[in-house]
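Novice: Need coordinates for the below:
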Amino acid sequence: MKRDDNAPGTAAMRQRAEAIAQDDPHKHVIVTTYKSGQFGENHMEVFAVENDVPFSEKDRTEALTDMNDGSADVPGMKVTHGEVKDADPGPLGGVMKCKVTFTKIESTDASGNHQFSSTICAWLDGNTYVTVVDGDSTTGLAKAADHVRQFRAQAETRR
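Specialist: Now for the predicted structure:
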């Protein structure tokens, strides 16, 4: 998939991530989208917070709460999710959880859709918290977790 830092929705995610990191010079955020397919219909969104020092217990608690959160309310959008499942985080360790989400928007998109589903996996380790949204909800949680482990192996290195 090709990286697209200017994909629709990426700016809003980046603002949310930057708000998390604004008061802490040790935190760094990366938000981007990867796309493939003729119309960019295959996509993954990556939201990452990296800390120069190990996360505090408060940061870890907030990240774990976010991983287990049952819904999110955004103006014009309602997001709910299925059961959160623990997943193997792979050789870099930490915690990984995955879920399928269901999003309903007030207006329809260019294709006339107003409901979407996707698979989300997130990992948390000593100083990194990353959420990966896979736009293909038919992937299944086990395969989505495998994709995220593969992505993580390329994107993260042990210090």
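Novice: in the top helix by length along the chain, what counts as buried?
Specialist: Counting residues, the longest helix in the chain under DSSP state H turns out to be helix 141-155. By neighbour count with 16 or more other C-beta atoms under 10 Å, helix 141-155 contains the buried residues 141, 144-149, 151-152. All C-beta spots, glycine's among them, are computed from the backbone N, C-alpha and C.
Novice: could I get it in CSV with only the CA atoms?
Specialist: Backbone C-alpha positions of helix 141-155 (Å, rounded to 0.1, in the frame of the first residue of the first chain) are rendered in CSV as follows:
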residue,chain,number,x,y,z
LEU,A,141,-9.5,-10.5,13.9
ALA,A,142,-6.8,-13.1,13.7
LYS,A,143,-5.7,-12.1,10.2
ALA,A,144,-5.9,-8.4,11.1
ALA,A,145,-3.7,-9.0,14.2
ASP,A,146,-1.2,-10.8,11.9
HIS,A,147,-1.2,-7.9,9.5
VAL,A,148,-0.5,-5.5,12.4
ARG,A,149,2.3,-7.7,13.8
GLN,A,150,3.9,-7.6,10.3
PHE,A,151,3.5,-3.9,10.1
ARG,A,152,4.9,-3.5,13.6
ALA,A,153,8.0,-5.6,12.8
GLN,A,154,8.8,-3.2,10.0
ALA,A,155,7.8,0.0,11.8
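Novice: That one - contacts with which helices or strands?
Specialist: Packing contacts for helix 141-155, counted by 3 or more C-beta pairs under 8 Å, 6 or more residues apart in numbering; DSSP states H and E, involve strand 42-51, strand 85-87, strand 95-105, strand 115-124, strand 128-134.
Novice: Could you dump the buried residues of helix 141-155 into CSV with distance to residue 65 added?
Specialist: Converted to CSV, the buried residues of helix 141-155 look like this (distance: C-beta to C-beta, whole Å):
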residue, distance to residue 65
141, 20
144, 21
145, 20
146, 25
147, 24
148, 20
149, 23
151, 23
152, 21
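Novice: Looking at the residues you listed, spot the one nearest residue 57.
Specialist: Ranked by distance to residue 57 (C-beta to C-beta), the buried residues of helix 141-155 are led by residue 152 at 23.1 Å.
Novice: contacting residues for the closest one?
Specialist: 89-90, 92, 123, 130 (C-beta atoms under 8 Å, 6 or more residues apart in numbering).
Novice: Was I right to think residue 147 contacts residue 133?
Specialist: No - the pair residue 147 / residue 133 is not scored as a contact, 11.3 Å apart, by C-beta atoms under 8 Å.
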